[in-house]
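1. What would the 3D arrangement of this be:
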Amino acid sequence: MSAGHFRRPALPPQQDDNPHGLFEESSFAVLFPKYREAYLRDAWPAVTRALKETGVACELNLVEGSMTVRTTRKTHDPYAVVKARDCLKLLARSVPAAQAVRVLADDVQADVIKIGGLVRNKDKFVRRRQRLLGPGGATLKALELLTGCYILVQGNTVSAMGPFPGLKTVRRVVEDCVKNVHPIYHIKALMIKRELAKDPALAGESWDRFLPAFKRRNVPRKKPAKVGKKKVETPFPPPQAPSKVDLQLESGEYFLSAAAKRKADADARATASGDRAAAKAAARAAPFVAPKEGGGGKKAREGAPPAAAAAAAALAAKLKKRAAKPAGERGVGLYARQRVRGNTSGAPLFSSALATGRALSLSPRPPTPAPGPPRARQGTRTARAETSRAARRPSGRRARRPRGAPSRRGRDAGPCRSTWTPWRRRWTGGWSP
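-> Residues are numbered from 1 along each chain as shown. Take a look at the predicted model:
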């Protein structure tokens, strides 16, 4: 279908084409959002002048939030009221008034594309709508240049104004963009078509061999590591849990008297307390239970871990080796073993030494005598008293320095003098206790 198929022929002057006007009045009303009220109030005089040239009357109702257009006796073009309705739709979708009044021309059409219901996920919708705009609006500007249309993305709609072929292309690009097809593919195809249209030799041929064929690739998503079982959905609600009164009725407790209820509660508490006491007694007695005998047989060794089995085998080999030694070499110290290894004469080294037990000091050592009382000077009363006191004192305690004896700090220190106070004992002199 060629581009000329959508081109409307130029009409003669409206007065000559329809001199008698319209016999019936037609009207359309369009609602606008609250945030457009201030702008429409300021731009409404310009809209009224533009519609008056086509013989269409308009009205702005701020109370109801609506705009209305209707035909008058001066309206000669019956399609003018439809054009005026499209102008109001563009104004309601945030198109500036200077651009919206261009739709009143015969070669300009309008289209409002709804994209809000194409994607359920709001985050995906926002990202794909931003993809249509491009960085800094570059993608939208390229699309406007290639299609010859004015495009405005606002909320859940895309408003477009231009010729019919351009509007058709814009709708296809916008819907594919929201369906996850990047606009750059369409832009490349439009640029190629624009260059092929300049060659008159290719006007009657197919351009499919010149256009790029982009294959849609589905990237497999990573499956979750663990997928839970789906619950069986049922339209019936879950059964209601029994109440406390229902449980009492079922067990018969509801019909018991107050005294019987108190007795039953006391019995239940006594039973629970006895069970807890028995469990605690068993836990306390557990460490004192003797292990079972005869558990170290061959089967137990076979079930032991490798490290324990290896240690047991090494110990058994060591004991066998020690048992194979002569009786004279058992229990000999390290020094004696070194002497045995260094003996190259072949004579028995321990034949007489082991018999007597004196050469290798194997006989027991005599006990150390207990320390006796300290020796005191004879001939003085203090010394005799100290000697008798030391004899009565048990062995192992240090002898106390006798009163008046010289200090341990030096020979020049004088006798120890002490003074008594009611609250503490103060020592003065050459030494302190």
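
2. Now the terminal residues of stretch 72-87, how far apart.
-> Distance between the two ends of stretch 72-87: 18 Å, counting by CA to CA, to the nearest Å.

3. pLDDT weak spots in the stretch 151-300 of the chain?
-> 224-225, 227, 294-300 (pLDDT under 70).

4. tell me the helices in it, going along the chain?
-> 164-178, 183-196, 244-251, 258-285, 298-303 (DSSP state H, counting those that start in this stretch).

5. Figure out which of those is closest to Asn156.
-> Taking CB to CB, helix 164-178 is the member of the helices of the stretch 151-300 of the chain nearest to Asn156, at 10.4 Å. Every residue, glycine included, has its C-beta placed from N, CA and C.

6. Tell me the helices and strands packed up against that closest one.
-> Where contact means 3 or more CB pairs under 8 Å, 6 or more residues apart in numbering; DSSP states H and E, helix 164-178 is packed against strand 109-114, helix 122-133, helix 138-147, strand 157-162, helix 183-196.

7. Gly274: which of these is closest?
-> Taking CB to CB, helix 122-133 is the member of those nearest to Gly274, at 63.1 Å.

8. Report the residue ranges of every domain in the protein.
-> 13-106, 107-214 (automatic domain parsing).

9. Please identify which of those is closest to Phe236.
-> domain 107-214 (28.5 Å).

10. mind checking how far Ile187 is from Thr139?
-> 7 Å (CB to CB, to the nearest Å).

11. one step back: out of the helices and strands packed on helix 164-178, which is closest to Ser66?
-> Nearest of the helices and strands packed on helix 164-178 to Ser66, taken as CB to CB: strand 109-114 at 16.9 Å.

12. Report the backbone C-alpha coordinates of the closest one in PDB.
-> What follows is strand 109-114, C-alpha atoms only, in PDB (Å, rounded to 0.1, in the frame of the first residue of the first chain):
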ATOM      1  CA  GLN A 109      -4.200  13.400  12.000                       C
ATOM      2  CA  ALA A 110      -4.000  12.400  15.700                       C
ATOM      3  CA  ASP A 111      -3.600   9.100  17.500                       C
ATOM      4  CA  VAL A 112      -3.500   8.400  21.300                       C
ATOM      5  CA  ILE A 113      -1.800   5.000  21.900                       C
ATOM      6  CA  LYS A 114      -2.600   3.300  25.300                       C
END
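
13. Need the contact partners of stretch 214-222.
-> With CB atoms under 8 Å, 6 or more residues apart in numbering as the test, stretch 214-222 has contacts from 181, 185.

14. distance between the ends of it?
-> OK, stretch 214-222 end separation, CA to CA: 25 Å.

15. Now that stretch: buried residues?
-> Going by neighbour count (16 or more other CB atoms under 10 Å), nothing in stretch 214-222 comes out as buried.

16. again, but for stretch 113-131
-> 113, 115, 118-119, 125, 128-129, 131.

17. and what of stretch 47-55?
-> Neighbour-count burial for stretch 47-55 [16+ other CB under 10 Å]: 47, 50-51, 54-55.

18. which ones are touching Leu143?
-> Here Leu143 is in contact with 151, 170, 173, 183, 186-187 (criterion: CB under 8 Å, 6+ apart).

19. Quick one: those residues as a markdown table, columns for distance to Lys74 and neighbour count too.
-> A markdown table is the format used below for the contacts of Leu143 (distance: CB to CB, whole Å; neighbours: other CB atoms under 10 Å):
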| residue | distance to Lys74 | neighbour count |
| --- | --- | --- |
| Ile151 | 34 | 23 |
| Val170 | 34 | 26 |
| Val173 | 40 | 24 |
| Pro183 | 44 | 21 |
| His186 | 44 | 21 |
| Ile187 | 45 | 17 |
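
20. Mind putting the helices and strands packed on helix 164-178 into a markdown table with distance to Ala309?
-> Formatted as a markdown table, these follow (distance: least, CB to CB, whole Å):
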| stretch | distance to Ala309 |
| --- | --- |
| strand 109-114 | 81 |
| helix 122-133 | 63 |
| helix 138-147 | 76 |
| strand 157-162 | 81 |
| helix 183-196 | 73 |
